[in-house]
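>>> Predicted structure and sequence below. I'll ask about it afterward.
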Amino acid sequence: MAAQLRDPNREAYNIVCGFWREFYNNHERTFWAKKKCNGCYDDHKFVIWSVAVAVQAVVDGARLFNELKPLIDPAIQIFQKYKNPKIRGYSAAENAGDDKDIYYDDDAQVASCMITAYEVTGNKLYLDQGRELVHFLMTGWNNNPDARTKGGMCWHLTNHYLNACTTAEVAKACLQIAKFIPQEAKMYIDFAAKCIDWQIKVLQDPSDKLIMDGVQDTEVNVNTMKWTYNLGTTLSAAANLYYVTRDSHWKQIADELAEAGINRGVFFYDRDYDDSKRYWRDGSYFEQLLIEGLADYLLYIPEVPQSMGDRIHDEIQRHLIMFYEFMKDPRDGMYIQSFEPNRTYKEVYDTKYVKHFGNQKEWSLKDEDKDGDGNPQKCLMGGGAAARVFFQGARVVPKVDPYDF
């Protein structure tokens, strides 16, 4: 029998080492694709979203593995290549300091990297960078008096699409930094509460408690798409708000979101299968934030019943096993971004998928997981997201129970 997943943290560590070897270029002092892949904005360089996911994985890993700590500073330094110092935000692409293609959701993830790096190292420079960026993020609140939909965080510096990921991720960043700057904590907590209150009132579907994607400030009709990460980031923020305020309002929201996140009848599960084989069908870059949200829920809310904790444990463990068994390249141990077991390597489909799922779905690859010739191709985002799937999953499932597959 092939080796099984036993230690999610060790699996994540191996992935970080793998993508660092593959993509970090010492000469360029940045992540560099040898061959253009998903997340590149030219032949070699990556958009800041991909960089942020990978850097967060490095910092997550350094919390547990001392040998990863020397990677934190070169990783965090990459962000300076993307900074617009006049605006104090970070653009999607490297620039000379004057680019305004700035997305608040990307920058919220950058801020999280910086604040977590401070937490792991104690280097105050990272805290100062994170604080400056959080202050910039807070300027993205929609204060347009003529907006048809009031409030919410803008998605982009010049595009006032009010979306769930930005609003919740900014709330998360505010709550992160509040822990380390007590004299400013109330300001950050209050802003985070304003974000999540808006999120629930405007973007939560009351029928299933999932979080819808967003709404343009000039419109009132919500984009009803429901991604896993929008629920996950909102859950993280709501649970943390309960932890710092002990207001039962936030606990009720978090309880409902957590229940929805593991309800196999909701939209973001693939419901083409019987209940026992359903799975979250978004990419790993979204799933990692749902797993983090469920882990944060168990961390911040001690009153969670044992039965609920067990259900979350079992659901995360099941997804970790599926991700390991179906999306890991049998040759180099790295991962593509898909979470759908039929959209994987052909040899994995022909053996594991057919054995476990039968011929329910045909084999294919997602466009983001293949090169121009249609062959499987890995990318920086896939490496960072895969590492975070396992690091965050290990907070709930530190050791995977033996299984047959």
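Arrived safely, thanks for sending.
>>> Pretty sure Lys277 sits against Phe357.
Yes. Counting by CB atoms under 8 Å, Lys277 touches Phe357, with 6.5 Å between them. Yep, even glycine has a C-beta here, placed from its N, CA and C like the rest.
>>> now the helices: where do they sit in the stretch 201-350 of the chain?
228-245, 248-261, 284-300, 306-327, 346-348 (DSSP state H, counting those that start in this stretch).
>>> With respect to Ile200, which of those helices lies nearest?
When those are compared by CB to CB, helix 248-261 sits nearest Ile200, at 5.9 Å.
>>> For the closest one, list the C-alpha coordinates in PDB.
Only the C-alpha atoms of helix 248-261 are listed here, as PDB (Å, rounded to 0.1, in the frame of the first residue of the first chain):
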ATOM      1  CA  SER A 248     -23.600  36.500  22.100                       C
ATOM      2  CA  HIS A 249     -24.600  38.200  18.900                       C
ATOM      3  CA  TRP A 250     -21.300  37.100  17.300                       C
ATOM      4  CA  LYS A 251     -21.500  33.600  18.700                       C
ATOM      5  CA  GLN A 252     -24.900  33.100  17.100                       C
ATOM      6  CA  ILE A 253     -23.500  34.300  13.700                       C
ATOM      7  CA  ALA A 254     -20.500  32.000  14.100                       C
ATOM      8  CA  ASP A 255     -22.600  29.000  15.100                       C
ATOM      9  CA  GLU A 256     -24.800  29.400  12.100                       C
ATOM     10  CA  LEU A 257     -21.800  29.800   9.700                       C
ATOM     11  CA  ALA A 258     -20.000  26.800  11.100                       C
ATOM     12  CA  GLU A 259     -23.100  24.600  10.700                       C
ATOM     13  CA  ALA A 260     -23.500  25.800   7.200                       C
ATOM     14  CA  GLY A 261     -19.900  25.100   6.400                       C
END
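>>> Pull the distance from that helix to the chain's centre.
Relative to the centre of its chain, helix 248-261 is centred 19 Å away, using CA atoms, centre = their mean, to the nearest Å.
>>> which of the residues in that helix are buried?
Within helix 248-261, the residues that qualify as buried are Trp250, Lys251, Ile253, Ala254, Asp255, Glu256, Leu257, Ala258, Ala260, Gly261, counting by 16 or more other CB atoms under 10 Å.
>>> Distance to Glu219 and pLDDT for these - can I get that in JSON lines?
Below are those laid out as JSON lines (distance: CB to CB, whole Å; pLDDT from 0 to 100):
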{"residue": "Trp250", "distance to Glu219": "28", "pLDDT": "98"}
{"residue": "Lys251", "distance to Glu219": "32", "pLDDT": "98"}
{"residue": "Ile253", "distance to Glu219": "25", "pLDDT": "98"}
{"residue": "Ala254", "distance to Glu219": "29", "pLDDT": "98"}
{"residue": "Asp255", "distance to Glu219": "31", "pLDDT": "98"}
{"residue": "Glu256", "distance to Glu219": "26", "pLDDT": "98"}
{"residue": "Leu257", "distance to Glu219": "25", "pLDDT": "99"}
{"residue": "Ala258", "distance to Glu219": "30", "pLDDT": "98"}
{"residue": "Ala260", "distance to Glu219": "25", "pLDDT": "98"}
{"residue": "Gly261", "distance to Glu219": "28", "pLDDT": "98"}
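>>> and Met330, what is it in contact with?
Quick fix: residue 330 reads Pro, not Met. Pro330 makes contact with Tyr345, Glu347, Val348 under the criterion CB atoms under 8 Å, 6 or more residues apart in numbering.
>>> Hmm, Phe326 and the last one touching each other?
Yes. The criterion here is CB under 8 Å, and Val348 meets it with Phe326 at 5.9 Å.
>>> between those two, which one's more packed in?
Neighbours per residue (other CB atoms under 10 Å) separate Val348 from Phe326, with Phe326 holding more: 25 against 20.
>>> That one is in contact with Thr351, isn't it?
No. Counting by CB under 8 Å, Phe326 does not reach Thr351; the two are 10.4 Å apart.
>>> which helices and strands sit right next to the helix or strand encompassing Phe391?
Using DSSP states H and E, Phe391 maps to helix 380-394. Contacts defined by 3 or more CB pairs under 8 Å, 6 or more residues apart in numbering; DSSP states H and E place helix 380-394 against helix 8-23, helix 48-64, helix 284-300, helix 306-327.
>>> can you list those helices in JSON lines and add distance to Val266 and mean pLDDT?
What follows is the helices and strands packed on helix 380-394, written out as JSON lines (distance: least, CB to CB, whole Å; pLDDT from 0 to 100):
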{"stretch": "helix 8-23", "distance to Val266": "25", "mean pLDDT": "98"}
{"stretch": "helix 48-64", "distance to Val266": "24", "mean pLDDT": "98"}
{"stretch": "helix 284-300", "distance to Val266": "12", "mean pLDDT": "98"}
{"stretch": "helix 306-327", "distance to Val266": "12", "mean pLDDT": "98"}
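>>> Many thanks, I have nothing further to ask.
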